[in-house]
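Enquirer: Starting from these lines, generate the structure:
(one chain, ligands or ions: 1)
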Amino acid sequence: MPSPLPPSLPDQQTVHPEFAAETQHLDGTLSSMLAQIEAWEDRSRNVGADLETSLTLADTAEEHAAMLSVHLPAPYFGSLKVRVGGREQTLYVGKIAHRDLKGPYSITSWESEVGGLFYSQETGWTTPRGLKGTIQRRRQLDVRQKTLHGLTDLYDASAGGDTGGREDVLLRRLSEGSTTGMRDVVETLQPEQNAAMRAPAGQSVLIQGAAGSGKTTIGFHRLAWMMHPDRLHHRATPETTLVLMPNQVLASYAARVLPGLNLEGVTVTTPERWQLGFLGLEKMDVTDRTLTLLLQDRDNGRRRAAWRRAKALGDVRMLAVVRRYLRLRLEANLGTLAYQAVVETGRKEAEVQLSSAQLHDLLGTVLTREPLEGYRPAFRAALEAELLAQANATDAQEVSVLRQLAPDLTRLVGRIFAGMLPVTEARRLLQDEATLRSAAGELLDERTLSVLLSDPLASVAKPRRSYADVTELPLMLAVAGLLDGLGRRVGNALEPYSHVVLDEAQDYAPLLYALLGRAARPGHITALGDLNQGLHGYKGPNSWADVQAALGNAGGAGAELLRLSHTYRSTRQITELSAQVAATYNRAAGVVGVDRDGAAVERLTGAPLPELIARAVKTMQAAGQTNIAVVTRRASDADALVPLLQQHDLDAQPILNELARYVGGVVILPVNLAKGLEFDGCVVAGADAQTYDPATEYESRLLYVSVSRGLHRLALVAEGELHPLL
Ligand SMILES: Nc1ncnc2c1ncn2[C@@H]1O[C@H](COP(=O)(O)OP(=O)(O)OP(=O)(O)O)[C@@H](O)[C@H]1O
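Expert: Reported below is the predicted structural model:
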């Protein structure tokens, strides 16, 4: 629910001299849009040459009409006064384009090249026809329910340039209450976010930004931008794009932004689910035994060993190791096999054959070529081409010859690739020392080899059912990808994703990056993350340079690293406290917060925890906050607190696992599930040294996530003394 404008802002309706003219323009635009919608809805106008064409035309027109109708309440949010080729004109910028054929009421969409000028700090540009344009004025228009509520000039060349209005508009937007889903920020995108979002299409980007800098938001906006026709051959489509987010709670929270950005149809899921789905292992349990050990084992030696092994498994060099391993396996399977057949071409019979040496040559050529479609289909294609050549088959005879060869070829390929399943191959590679050593050769140093051969997780229980651990999934994916290719399944075929967005990109193994690079069109990865917020460093890269190298390794053009330096989520009071926590482990934390004033951070101690939490929540509710989270260290803490809070007349909805959905109101959840979510108010339950061990960097990172979830209010609650960092 939007809160009232800060009192310091003038009542713009009476102040701005162009308010009446803008109101009139809005009315004109609405009439023009309505006329267009009616025309589209009128079936009698959408007549094609035959019935089928007419129906298709009418359906498409209805779709257009429906899409435009959605934007009637707020057709645009800004305008640009520009001068091009000596002519001055005003362009209105909105979430959807509208063409007014008869008058001046057209709207430019924000994703278009020209629409981008609304956000940037440029004062001029060159049109596609080579004309020089200059920006005279940028104006924000607050349109809601078909009514103009205010206007703010952001830039006015005739009044000396920047007016400071952009910050006013942003502050008003940021002081609004939170919602139960991620929101789009199309209207208030800031220049540095705009620049990151519009990094050239076809260029993979890594976007580093602090908590609340709008990374997740920008990821989805870049995706929407990628869908615009101005992106030409780089244009993406919703059905062919993939967004990976760290957990399912956040994935469904974020997915609520899709309709507003016209992105319905995009797949939003977690990396684990996507990998399991691709590998056809949906039924398997997924474990993260490294994390279990890191959280439970107090022995630093074992923790270090577990960390190192997980890192080694996700090292991009493992791609080369798997490659060599598969080569050895395939060559051994081929052994002394040879091939011989007689085929009919026209009325003649032709004998075709491949000696063992020839087969080895053919296989070797395929493996060296590194085909993106995978060894298996590429080898089969190479066999077919060779045999067709031997049979001297004409183009017309090809189909018939291939049909005759098919059963034999299937058998031959089957024998060479016999039983090579991703799970078994990945495990076979790791479990046998001689196998690993022969595959690794000089690719891995002795230390990495012994780390891989060790078993620091022996003490961590394994599930009874068959399972895959998150640290071995990329290795399994590598086997699958090298053998049969990677990408989006379309029937029996694989197509590259038109664009892939990775959120919380600091938690993806470099090996996984290299594989995702192969699953997407070249240059079509957008990764957003914060190395300082990494909770899963054992899975992630050491630096963005590692990721750039991994994406380059995939044969792609690497990736450009961009930075977001501002944070938007929280009030000054919350941002300052979060920065204080982050500074203990992150020396480069020079983050600039938007200076939004809010309530002081509340500190409650000296009574039983449930009582203090209930008190904190009620204070927030009394101050008008609706969406409030009680964040605990563990899921079990949250679970135990639910009935105790009820005794204090507080009904907090628990979110204890990834199956739960955030629907607003008062919730209680562990910090790992709160990551990426945000609330009007946040109560950190157990904000003390017993809960977040000050001696462990990992715990400080968790504490940082907890204290940085609130937009407007933060309460720190502990029975005894508060954590020293707070
Ligand atoms: N330009 C903007 N205008 C208005 N609100 C913005 C803008 N940029 C970001 N925000 C708001 O700031 C908050 C943080 O954004 P977002 O969740 O995308 O950040 P993040 O960098 O992914 O954070 P985290 O690292 O904590 O996951 C959101 O409420 C978002 O709507």
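Enquirer: Please enumerate residues in contact with the longest helix seen in the chain?
Expert: For the chain, the helix with the greatest residue count under DSSP state H is helix 19-41. Outside helix 19-41, the residues that touch it by C-beta atoms under 8 Å, 6 or more residues apart in numbering are 12-13, 16, 45-46, 61-62, 64-65, 68-69, 71-72, 75-76, 92, 98-100, 102-105, 107, 141, 143, 146-148, 151. Every residue, glycine included, has its C-beta placed from N, CA and C.
Enquirer: Any residues of this structure in contact with the ligand? List them.
Expert: 170, 173-174, 183, 185, 188-190, 193, 209, 211-217, 530, 533, 568-569, 676, 678 (C-beta under 6 Å from any ligand atom).
Enquirer: taking those one by one, which sit in helices?
Expert: Per DSSP H, the residues of the chain next to the ligand map to helices at 170, 173-174, 193, 215-217.
Enquirer: For ChimeraX, what selects the buried ones among the residues you listed?
Expert: To isolate the buried members of those in ChimeraX, using 16 or more other C-beta atoms under 10 Å:
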select :170,174,193,215,216,217
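Enquirer: Any regions of the stretch 151-300 of the chain where pLDDT drops low?
Expert: By pLDDT under 70, the stretch 151-300 of the chain contains no weakly predicted segment.
Enquirer: where along it do the helices fall?
Expert: Taking DSSP state H, counting those that start in this stretch as the test, the helices found in the stretch 151-300 of the chain are 165-174, 191-197, 215-226, 248-255, 271-279, 289-296, 300-313.
Enquirer: which strand is the longest one in the protein?
Expert: The residue-count maximum for a strand in the chain (DSSP state E) belongs to strand 132-144.
Enquirer: gap between that one and the chain center?
Expert: 31 Å (C-alpha atoms, centre = their mean, to the nearest Å).
Enquirer: neighbouring strands for it, and are they parallel or not?
Expert: With DSSP bridges as the test, strand 132-144 is paired with strand 78-84 (antiparallel), strand 124-126 (antiparallel), strand 147-156 (antiparallel).
Enquirer: If you compare the directions of the last one and helix 165-174, what angle comes out?
Expert: Between strand 147-156 and helix 165-174, the angle formed by their directions is 140 degrees, by axes from the mean of the first three to the mean of the last three C-alpha atoms, to 10 degrees.
Enquirer: For strand 147-156, which outside residues touch it?
Expert: Residues outside strand 147-156 that contact it (C-beta under 8 Å, 6+ apart) are 5, 12-13, 16, 18-19, 22-23, 26, 135-143, 159, 161-163, 165-166, 168-169.
Enquirer: Please list only the buried members of these.
Expert: 5, 16, 22, 26, 135-143, 163, 165-166, 168-169.
Enquirer: okay, P6: pLDDT?
Expert: In this model, P6 is scored at 42, pLDDT.
Enquirer: Let the chain start at 149 from now.
Expert: Understood, numbering begins at 149; the last thing we discussed is P154.
Enquirer: Pop the domain breakdown of this structure in here.
Expert: Domains of the chain are assigned by automatic domain parsing as 160-324, 341-437+636-715, 720-866.
Enquirer: Which stretch among these approaches V608 most closely?
Expert: Ranking these by proximity to V608 (C-beta to C-beta) places domain 341-437+636-715 first, at 4.4 Å.
Enquirer: Off-centre distance for the closest one?
Expert: 4 Å.
Enquirer: Equivalent analysis for stretch 219-228, please.
Expert: Counting by C-alpha atoms, centre = their mean, stretch 219-228 comes out at 27 Å from the chain centroid.
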